[in-house]
Structure formats: C-alpha cells, structure tokens
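Enquirer: Sharing a model that was predicted from the sequence below.
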Amino acid sequence: MTKTVTLSHPTGILKGRVQLPASKSEANRALIIAALAGGKSELQNLSEANDTQLLQRLLNSDSDTIDAEDAGTVMRFLTAYYAVTGQQKTLTGTDRMCQRPIKVLVEALQELGAGIAYLGEEGYPPLQISGFKGSGKKHLKVRSDISSQYISALIMVAPLLPDGLELELDGKISSRPYIEMTLALMKHFGVEASFEGNTITVPHQKYQPATFAVESDWSAASYWYSMVALAKEADVTLLGLREDSHQGDKAIVDIMRRLGVHTEFKQEGVRLTKKHAEKRVTFDFSNCPDLAQTIVALCAALGIAVEMTGLESLRIKETDRIQALQIEVLSMGASLEERTPGIFQMNPTLLTNRELNFRTYEDHRMAMAFVPIALLQPIQIQEPHVVRKSYPRFWEDLEKMGFEVTANE
Ligand SMILES: O=C(O)C1=C[C@@H](OP(=O)(O)O)[C@@H](O)[C@H](O)C1
Ligand SMILES: C=C(OP(=O)(O)O)C(=O)O
C-alpha cells in the first residue's frame, strides 16, 4: 500500500464543483433506527464512508464476533443495539478502539438490565454482550462531558424499553448538536422525545419505517473551505449541503466567515468564494470537535493566531488529536500550547518553504486537515488511505480540482 502521497497545486486557483461524501453521522443513525423500526425503510445517499459501509455489513451479520474497527459510532451504537435487542455478541475493534472509553455507556445499559462484561480492561472494549433482562429502571443519570455518542446510543434504543427512558445529563454537554441530530432522526422515524434542561425523555413507542435521504457531510466540507481560504482565487460549489442541516459542523460557515471564506446557499449546495480574513480569532469547539484540526492547520498556514476551547474530547478520538496537532504544527514552525487548563493557543509562523511531510496517526482528519497547505507549497502526507473512514474519494476529488497527487511507494 502507498505509504505517502506528494501533493501540489500548479496554479493555486480553485474553480469547480465537488460532490461530497454523505454524512456518516446521519447515515449511521438512520441505519440503526431503520433496523429497530423493522419493515422496509428506504435510506437514500448512504455514505460510502467505511464507517457506514461497515455498520451496514455488521447489521446484516449473524456472526458472534463483531469488529467495529476504528468507528466510534459503530462501537457505541451497536453496544446499545445488541444489548437492548437481547443479542449475544462479542464486540471488539482496532487497538485504538480498545483504548477509547465506553464505561459510561456500559454502566447505563447494565443499570437498564443488559448483560455486558469487559473482556479486557474495565471501561474499554472488547465487550461481551449477553442478553437483556429489563430492570424496570426508567430514570438514569449519565455523564455528558466525555462523548455524546453514549447519549445518542442510549436514546436511540430507549423507545424499545418497556417504560421508556428519562436520561439526566450530568455535567457539561459536549458535542450537543450530535444529540440533537439523533433526536431529529428519531422524530423522522415516528418517535417523539423531549430535551428540556438537562433531561431527555423518550416514552416507550414504536419506530415507523420511513424514507430518509442523507445530506452531504459538513465535516468533509470543512477541508474545501480551508482550501478556498488558502487559494489564490476560488469559486467552489460543494453539492448537497443544506441551510437547514441536522449537522453541527455546519458551524464551519460562521468560523470560515472570519477566516476568509464567504458562503452562499444555493439550491444545489453552497458556493464558496474568498473574502478578507481576521488576524486573531477565538473559537469554542465544544459543539463541533471534528472541525478543530481543520482550523488549527489552516491558521498555522495562514499565519493567524487562534485561541481555542472545547478541545477536551480530541484526546480520545481516532488518535490523541491534541498531541498529533502539536507535533505536526511544530513541523511547520508553529506551536500549539495549553496555556491554562482547557485554553489552547496556536501561535503560527509564516511558511518559508520548509519541507513538510505530515504524519497522520491512523486518523482521517489528520490527513485531510493538512492537505490544503499544498496550495501554498508541495507537501507530503503519510498513510493516505486513512481517509477511507469518512471520505474515500478525497484524493480523486483533489485531482479533479487541479491538485497533482503522486503516490510514493
Ligand atoms: O455521534 C456522532 O456521529 C459523532 C459524535 C462526535 O463524537 P463525540 O460525541 O465523542 O465528541 C464526533 O466527534 C464524531 O465524529 C461523530
Ligand atoms: C471522531 C470521529 O469519529 P468516531 O468517534 O465515530 O470514530 C471522527 O470522525 O472524527
């Protein structure tokens, strides 16, 4: 397999239309809910992302051992799905997945009556799931400051519980838009729930099969926004994005308004053009953690100082993203420091034709976030296959937009 790609863009001018991949977050909720609904739902524009293809395969698998690979939503959503539907499964994943915590979800499901045991270290996959004997409990309090995926997993299966579920969220609610996306999809499949204060209430109900069309992925869009910000000239249309999106990463529109990209919503998607960028910016990524890497890499390249909060969850994703970013921006001569707990400062540098060869840490977003820098100078990206998790056609789309992508063996 190719170990690195060399990337450059001969003109620095970006013009054209990009067909983005579909959102893996929406697709994976739709797949779980359609499975719980039974009957025949029609899911349109399912993502070609590995995370989605994998979940689709696993939901049709009768194997006793299920490998969620490196897909957080697959691991968390299937844990709740198998537990509450009373299936006996061994659920595992990559080495990294077995370092990503799952205790909050497992303890909540155990309280509801699920049989779940840890096969390795307590609090982490792999898990042995072995049946469900309802505990009659309907009120649960769960921590909401680690991962919203635990909350999404619980509320998606909640309509099946005999008395439904009242879920009290304890602490800061991180990645909140993903919880709201889950509620919106549940509603689309006929289930009513409420989210008032810090409590989500889901009565016992039946999902109804439905037709659902997955929107293009706003997280994937962020890399194109970053390219527009760095291009000499740009007029790029990203197809299939909507102004009334369920995806919290639509926040990229407001973030990039400050970093030099104007967005115009059109029938077919968004049209991006260049505008003036600010010189110092502050962002809170609590609601959109997957955008942080895009912004750090862009600001490092643009020479914009950025102060950031809401990065806590980055340490437990595909890699420790804070550490990975610190190493990679340092290779550009920039620095990323936690000045006081929770507050990060990125001090940029002006690129002076250093040789840039970015490591990707088995993390699709580490690859895609640094690619836009190729508009300024040739760069190398290691382990380019990592993009398959969310955006398998990324390299082809770059070529269509005038990048030279050369694979090095
Ligand atoms: O529910 C989802 O689809 C996701 C929730 C977020 O995770 P956390 O809730 O762990 O921050 C996000 O980072 C991830 O890419 C997808
Ligand atoms: C964190 C991510 O995914 P997951 O948690 O679903 O593995 C991501 O896609 O950036």
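Expert: Good, I have the coordinates. Ligands and ions are numbered 1, 2, ... in the order given.

Enquirer: The residue in the stretch 1-150 of the chain positioned nearest to ligand 2: neighbour count?
Expert: As assessed by CB to the nearest ligand atom, ligand 2 sits closest to G72 within the stretch 1-150 of the chain, at 2.5 Å. The way it works is simple: take the backbone N, C-alpha and C, and place the C-beta from them, glycine included. Residues near G72, counting by other CB atoms under 10 Å, number 19.

Enquirer: for the residue of the stretch 301-409 of the chain found nearest ligand 1, what are its contacts?
Expert: Using CB to the nearest ligand atom, S313 is the residue of the stretch 301-409 of the chain that sits closest to ligand 1, at 4.2 Å. With contacts taken as CB atoms under 8 Å, 6 or more residues apart in numbering, S313 has the following neighbours: I146, S147, S174, S175, P289.

Enquirer: Next one, pLDDT for the last one please.
Expert: Per-residue pLDDT puts P289 at 98.

Enquirer: Just to check, it is in contact with L311?
Expert: Yes: with the criterion set as CB atoms under 8 Å, P289 and L311 qualify as a contacting pair; they are 7.2 Å apart.

Enquirer: what is the nearest residue to A231 once chain neighbours are set aside paired to in the beta sheet?
Expert: Closest residue in space to A231, ignoring its immediate chain neighbours: L14 at 4.4 Å, by CB to CB, 6 or more residues apart in numbering. Taking DSSP bridges as the rule, L14 bridges to A234.

Enquirer: and the residue of the stretch 301-409 of the chain closest to ligand 1, which of the three is it?
Expert: Recorded secondary structure, S313: helix (DSSP: H, G, I helix; E, B strand; the rest coil).

Enquirer: And for the one 10 residues further on?
Expert: Per three-state DSSP, the secondary structure class of Q323 is helix.

Enquirer: residues in contact with it?
Expert: The neighbourhood of Q323, defined by CB under 8 Å, 6+ apart, consists of R315.

Enquirer: Tell me where the model's unsure across the stretch 201-350 of the chain.
Expert: Using pLDDT under 70 as the threshold, the predicted model of the stretch 201-350 of the chain has no low-confidence range.

Enquirer: ok, which stretches of it are helices?
Expert: Counting by DSSP state H, counting those that start in this stretch, the segments of the stretch 201-350 of the chain that form helices are 218-230, 252-258, 292-302, 321-330.

Enquirer: Let me know whether the residue nearest to A231 touches V228 as I believe.
Expert: Yes: because the distance of 6.4 Å satisfies CB under 8 Å, L14 is recorded as touching V228.

Enquirer: If you count contacts, what does the host helix or strand of L58 end up packed against?
Expert: Element membership for L58, per DSSP states H and E: helix 50-59. Counting contacts by 3 or more CB pairs under 8 Å, 6 or more residues apart in numbering; DSSP states H and E, helix 50-59 is packed against helix 24-37, helix 72-84.

Enquirer: The first one vs ligand 2: in contact?
Expert: Going back to what we said before, that points to helix 24-37. No: counting by CB under 6 Å from any ligand atom, ligand 2 has no neighbours in helix 24-37; the shortest distance is 6.9 Å.

Enquirer: which residues does A37 contact?
Expert: A37 touches F189, G190, K206, Y207, Q208, P209, A210, counting by CB under 8 Å, 6+ apart.

Enquirer: let's see 10 Å
Expert: Shown in contact with A37 (CB atoms under 10 Å, 6 or more residues apart in numbering): P159, F189, G190, V191, K206, Y207, Q208, P209, A210.

Enquirer: Quick check: the gap between it and ligand 1.
Expert: A37 sits 19 Å away from ligand 1, going by CB to the nearest ligand atom, to the nearest Å.

Enquirer: one step back: among the contacts of S313, which pair sits farthest apart?
Expert: The widest separation within those, taken as CB to CB, falls between I146 and P289 and amounts to 11.8 Å.

Enquirer: These two: which has the busier surroundings?
Expert: Neighbour comparison, I146 and P289: the larger count goes to P289, with 24 against 21 (by other CB under 10 Å).

Enquirer: and the gap between that one and ligand 1?
Expert: In this structure, P289 lies at 5 Å from ligand 1, with CB to the nearest ligand atom as the measure.

Enquirer: which residue packs closest to that residue, ignoring adjacent ones?
Expert: The spatially closest residue to P289, leaving aside those adjacent along the chain, is S313, at 5.1 Å (CB to CB, 6+ apart).

Enquirer: before we move on, what about I146?
Expert: Closest residue in space to I146, ignoring its immediate chain neighbours: V104 at 5.9 Å, by CB to CB, 6+ apart.

Enquirer: Report the contact partners of that neighbour.
Expert: Taking CB under 10 Å, 6+ apart as the contact definition, V104 lies against 76, 123, 142-147, 149-151, 154, 170.

Enquirer: go again using 7 Å as the cut-off
Expert: V142, R143, I146, Y150 (CB atoms under 7 Å, 6 or more residues apart in numbering).

Enquirer: okay, the first one: pLDDT?
Expert: What it means is V142. With respect to pLDDT, V142 scores 98.
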